[in-house]
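Trainee: Sequence first, predicted coordinates after that:
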2 protein chains.
Amino acid sequence: MTATADVLEEYLESTADRRMASYEAFLRIPSVSALPEHAPDCRRAAEFLADDLRAIGLEHVEVLETGGHPLVYGDWLHAEGAPTVLVYGHYDVQPPDPLDEWELAPFEPLVRDGRMLARGAADDKGQVHMHVRAAEAVLATRGRLPINLRYLFEGEEESTSTNLDRWLEQNKARVAADFAVISDTGFFEGNLPAITLGLRGITYLQVDVIGSSIDLHSGMYGGTVQNPANALATIIAALKDPDGRILVPGFYDDVVPLSDADRAAFAALPFDEEAYRASLGVPALVGEPGYAVLERRGGRPTLDVNGIWGGFQGEGAKTIIPGSAHAKISCRLVVDQDPDRTYELVRAHILRVAPAGVRVEVHELGGGQPSLTPMDHPATQAAARAIEATFGQAPLFIREGGSIPVCASFTSILGLQVVLLGFTNPDDKAHAPNESMVLANYETGIRTIARYWEELANLPSSPAR
Amino acid sequence: MTATADVLEEYLESTADRRMASYEAFLRIPSVSALPEHAPDCRRAAEFLADDLRAIGLEHVEVLETGGHPLVYGDWLHAEGAPTVLVYGHYDVQPPDPLDEWELAPFEPLVRDGRMLARGAADDKGQVHMHVRAAEAVLATRGRLPINLRYLFEGEEESTSTNLDRWLEQNKARVAADFAVISDTGFFEGNLPAITLGLRGITYLQVDVIGSSIDLHSGMYGGTVQNPANALATIIAALKDPDGRILVPGFYDDVVPLSDADRAAFAALPFDEEAYRASLGVPALVGEPGYAVLERRGGRPTLDVNGIWGGFQGEGAKTIIPGSAHAKISCRLVVDQDPDRTYELVRAHILRVAPAGVRVEVHELGGGQPSLTPMDHPATQAAARAIEATFGQAPLFIREGGSIPVCASFTSILGLQVVLLGFTNPDDKAHAPNESMVLANYETGIRTIARYWEELANLPSSPAR
């Protein structure tokens, strides 16, 4: 450990309690972007973050209006000749329901067994908080950063980043950088350090199947009208076979097939299929025939029902034909599938297979492009060195099944290469009850980020900046 | 009109005001059997009815304990050599909610536009009251009844007749009769006089499809696990084709096919298919190919999803694979389908078609036998003559889609043929807000019942009584 590293470490150790208190305060704000009643909480989280950035010495800190939940911007641009990095994260979180499956109140954070438990502890407030704490420690101990930093923290990532692309289009100069770092991914199974190279895209839609305007008595009307819930099941069953192959015509047309090298890279990852199955508590793993589990997750598209509802859901028996039935359905996409084109294909198929006797409506609820980063990019290799130096082992290079639409936006709108540097434990239960962040990942990750800025200081900056 | 009929008519006309006052007093008692807070009201309604029976000259009148809401019994057994009829009705009513859709207070009866408006005006207090008033008029004017009568009025019909079957098993001798009359049905579309010959049975079940113990992130896990909501859709789609034909092996085995005479009877009913479709607001009527709408409703079995749920049902997009998905499913049955056997067939099929990777559980939530009365039964033909003599037109013979489980209980436990003699107008809004009874049906129906006893006096009684 170098002398400067010693000073940084001492600072981080002496401020641990304050850091935890700040992390918890951030998690206490229920910044659920999808629920309109939490709009004031989203704004409160943005203000919290802006105040934090100002307090540690960032400049030009602003809560920026987008038409939806605001962005938070801040920069430090005094490392002349060094690269400029755009750091992205999001302060909004998933809805906490089903509430009765939480072992704690989702917005009353709790440290237990070396983990911080709360909605957002991992995804993504925890990682945003790590970035701010890393910058704080470096500025506090050295008075300056080794690179130029721009922070852009979003408040709509969990509700499809509705307003971000437009804002980026209109503010390209403001976020000019050499490349971008997104911390919204995590480690590999077994909590092994990893850098994510690939992310899936997404298209998300809702199907509404409408019959009579009211629920009908199933005895008096059963046999004479189409049942919207049965019709919805017919539609969903026609989208995908039970093995996982998607039946929508044209769906696979733009999928870039996995090369032999891709398949070899997947096969080289340490992965215990049986342990994975057991951890999920399912009787068997199921997916597209002809592909291994990690390939299906990282390299192949999917179609999943995210929610379904209609008619009577209470205790006992109510004999009705529901007036309507509904489903939320999304597809994860891989390069080079386009979300809008995929939506149109799925929509057309739904309308084609819809049974007679009901009205069927399909609405798009958002989308995001898939992305794939080359492993040999210097900023990726620098991240690998920083991870190895702090976690004590070289990272795996992986493709993730999730989607971070902003990743594709940074490339397509800003022309930036993106490094996905994330630290969450794979069992973080992001989007589920009892979300948690392993505090060892959180703490070491802060050191990794600080080290990463040092590694990057040696890379050339683009002449334009 | 005969001289005796003249005397009866005079009595009924001169007591009309008193009859309305008694009808309203009966409706004012909120005897909602499903709501525990109304248990004292149910008992009050039973006592009201028992007092009424005593006052008009019935004998052995008793409020009988069942463990739930009581039964009311009363008889008049002095017509030696004439048949004995067991008359069934129920004094309990459906809950009145949603209250804000009532144009009046549901338990403050009101006469408007020739109708009595109140909860229970039709289903079934109105019809119970008609029976008592018919007996009153005959006894008051002639001093005797032409047949032997046993009344059995129930207080739990609207909450699945929980205690009735056991009571019947234990009290067969007490309700011995030549046949039973149930007045809990009504007239055909257009308020055309009708006798119901068929009622459908029912079997009701719940399917639970369980994947991981928690909702999973659809990006991180999509493509590797079976989705319980997709799996549920696959299961439901395998139960019935989109046209309405049920795909469960063996499902139709015990269905008695419609004979040419049955089909001719359905075809003879005046029915405006387009008006029916328009009233439901659906784009098309859908059902089992090869059968007309009324055949599908009254003479063929069905399978309907009554409710479905799983995963995210809120606004916007939540990217999860639901941990579980659920559906309530029921089948309406026709003779000779057995509810328990049908449940086992459907259950076995569900388990057979369930996709891999999920656990599937099926639970029975209740059932009831179908019933069908032969049109040529002398007691049915007598009822038809009584209707024609009083309403001025011969009744239609119809089959209803709904279920009255007590009908099958009378046959299976007591061995009695059942005549479904009901007088409610088809737009009575039973079970819904603003329930009403057309007073012309009520008044003429009282005359029909009195006339029916006369018609029956000529039928042979069984030697055992």
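Mentor: Here it is on my side, so go on. Predicted, not measured: the structure shown is a model, and the values here were computed from it. Numbers count the residues shown, from 1 in each chain, chains lettered A, B, ... in the order given.
Trainee: could you measure residue A:174 against chain B, distance?
Mentor: Using Cβ to the nearest Cβ, to the nearest Å, we find residue A:174 at a distance of 28 Å from chain B. The way it works is simple: take the backbone N, C-alpha and C, and place the C-beta from them, glycine included.
Trainee: shouldn't that residue be in contact with residue A:73?
Mentor: Yes - under the criterion of Cβ atoms under 8 Å, residue A:174 makes contact with residue A:73 at 7.4 Å.
Trainee: Could you give the number of residues near residue A:331?
Mentor: 28 (other Cβ atoms under 10 Å in any protein chain shown).
Trainee: If you count contacts, what does whatever helix or strand it lives in end up packed against?
Mentor: According to DSSP states H and E, residue A:331 maps onto strand A:324-333. The contact analysis (3 or more Cβ pairs under 8 Å, 6 or more residues apart in numbering or on different chains; DSSP states H and E) places strand A:324-333 against strand A:201-210, helix A:228-237, strand A:302-311, helix A:339-353, helix B:218-221, strand B:302-311.
Trainee: Show me which of residue A:174 and residue A:73 is the more surrounded one.
Mentor: For residue A:174 versus residue A:73, neighbours defined as other Cβ under 10 Å are more numerous around residue A:73 (20 against 15).
Trainee: Contact partners for the more buried one?
Mentor: Residues in contact with residue A:73 (Cβ atoms under 8 Å, 6 or more residues apart in numbering or on different chains) are A:60-62, A:64, A:150-153, A:174-175.
Trainee: Which residue is the nearest non-sequential neighbour of it?
Mentor: Using Cβ to Cβ, 6 or more residues apart in numbering or on different chains and skipping residues adjacent in sequence, the residue nearest residue A:73 is residue A:62, 5.0 Å away.
Trainee: Any idea how many residues pack against residue A:284?
Mentor: Counted with other Cβ under 10 Å, the neighbours of residue A:284 add up to 11.
Trainee: whoops, I mixed them up, residue A:414
Mentor: Using other Cβ under 10 Å: residue A:414 sits among 19 other residues.
Trainee: got it, and residue A:458?
Mentor: Counted by other Cβ under 10 Å, the residues lying close to residue A:458 total 12.
Trainee: Report the separation between it and chain B.
Mentor: Going from residue A:458 to chain B by Cβ to the nearest Cβ gives 34 Å.
Trainee: gap between that residue and residue A:84?
Mentor: Counting by Cβ to Cβ, to the nearest Å, the gap from residue A:458 to residue A:84 is 14 Å.
Trainee: likewise residue A:353?
Mentor: Separation of residue A:353 from residue A:84 (Cβ to Cβ) stands at 51 Å.
Trainee: ok, the two, which is more surrounded?
Mentor: Here residue A:353 and residue A:84 are compared on neighbour count by other Cβ under 10 Å; more neighbours surround residue A:84, at 21 against 18.
Trainee: Surely the more buried one is in contact with residue A:77?
Mentor: Yes - under the criterion of Cβ under 8 Å, residue A:84 is in contact with residue A:77, at a separation of 7.0 Å.
Trainee: which neighbours do the two share?
Mentor: Here residue A:84 and residue A:77 have A:148-150 as joint contacts, going by Cβ under 8 Å, 6+ apart.
Trainee: Out of these, who's the most crowded?
Mentor: Highest neighbour count within the shared contacts of residue A:84 and residue A:77, by other Cβ under 10 Å: residue A:149, with 25 neighbours.
Trainee: Could you pull up the contacting residues of that one?
Mentor: Residue A:149 touches A:58, A:75-77, A:84-85, A:87, A:135, A:453, counting by Cβ under 8 Å, 6+ apart.
Trainee: In helices only, show me the residues you listed.
Mentor: Residues of those located in helices (DSSP state H): A:135, A:453.
Trainee: I'd like to know which of the contacts of residue A:149 are buried.
Mentor: Among the contacts of residue A:149, those buried by neighbour count (16 or more other Cβ atoms under 10 Å in any protein chain shown) are A:58, A:75-76, A:84-85, A:87, A:135, A:453.
Trainee: Show me which of the contacts of residue A:73 is closest to residue A:321.
Mentor: Distance to residue A:321, by Cβ to Cβ, is smallest for residue A:153 among the contacts of residue A:73, at 47.9 Å.
Trainee: about what we covered before: make JSON lines from the contacts of residue A:73 and add pLDDT and secondary structure to it.
Mentor: Shown next, in JSON lines, are the contacts of residue A:73 (pLDDT from 0 to 100; DSSP: H, G, I helix; E, B strand; the rest coil):
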{"residue": "A:60", "pLDDT": "98", "secondary structure": "strand"}
{"residue": "A:61", "pLDDT": "98", "secondary structure": "strand"}
{"residue": "A:62", "pLDDT": "98", "secondary structure": "strand"}
{"residue": "A:64", "pLDDT": "97", "secondary structure": "strand"}
{"residue": "A:150", "pLDDT": "98", "secondary structure": "strand"}
{"residue": "A:151", "pLDDT": "98", "secondary structure": "strand"}
{"residue": "A:152", "pLDDT": "98", "secondary structure": "strand"}
{"residue": "A:153", "pLDDT": "98", "secondary structure": "strand"}
{"residue": "A:174", "pLDDT": "94", "secondary structure": "helix"}
{"residue": "A:175", "pLDDT": "96", "secondary structure": "helix"}
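Trainee: Narrow those to those that are buried.
Mentor: A:61-62, A:150-153, A:175.
Trainee: Which parts of the stretch 351-465 of chain A are helices?
Mentor: With helices called from DSSP state H, counting those that start in this stretch, the stretch 351-465 of chain A shows them at A:378-391, A:405-412, A:439-457.
Trainee: orientation of the last one relative to helix A:378-391 in degrees?
Mentor: On the basis of axes from the mean of the first three to the mean of the last three Cα atoms, to 10 degrees, helix A:439-457 is oriented at 140 degrees to helix A:378-391.
Trainee: In helix A:439-457, which of the residues would be classed as buried?
Mentor: Neighbour counts over helix A:439-457 (16+ other Cβ under 10 Å) mark A:439, A:441-457 as buried.
Trainee: Please apply the same query to the shortest one.
Mentor: Neighbour counts using 16+ other Cβ under 10 Å place A:405-411 of helix A:405-412 among the buried residues.
Trainee: which other residues reach that helix?
Mentor: Identification of contacts with helix A:405-412 by Cβ under 8 Å, 6+ apart yields A:86, A:88, A:154, A:157, A:160-161, A:164-165, A:168, A:180, A:182, A:199, A:201-202, A:367-371, A:416-418, A:420.
Trainee: Apply 6 Å and report the result again.
Mentor: Helix A:405-412 is contacted from outside by A:161, A:165, A:168, A:180, A:182, A:199, A:368-369, A:371, A:416, A:418, using Cβ atoms under 6 Å, 6 or more residues apart in numbering or on different chains.
Trainee: what's the answer for the longest one, then?
Mentor: Applying Cβ under 6 Å, 6+ apart, the contact partners of helix A:439-457 are A:82-83, A:114, A:116, A:130, A:133-134, A:138, A:146-147, A:382-383, A:385-387, A:389-391, A:423, A:425.
Trainee: quick check, distance from it to the centre of its chain.
Mentor: How far helix A:439-457 lies from its chain's middle: 20 Å, per Cα atoms, centre = their mean, to the nearest Å.
Trainee: and residue A:459, how far is that from residue A:453?
Mentor: Noted for residue A:459: a distance of 11 Å to residue A:453, by Cβ to Cβ.
Trainee: Point out where the stretch 1-150 of chain A drops to low pLDDT.
Mentor: Filtered on pLDDT under 70, the stretch 1-150 of chain A yields the residue ranges A:1-3.
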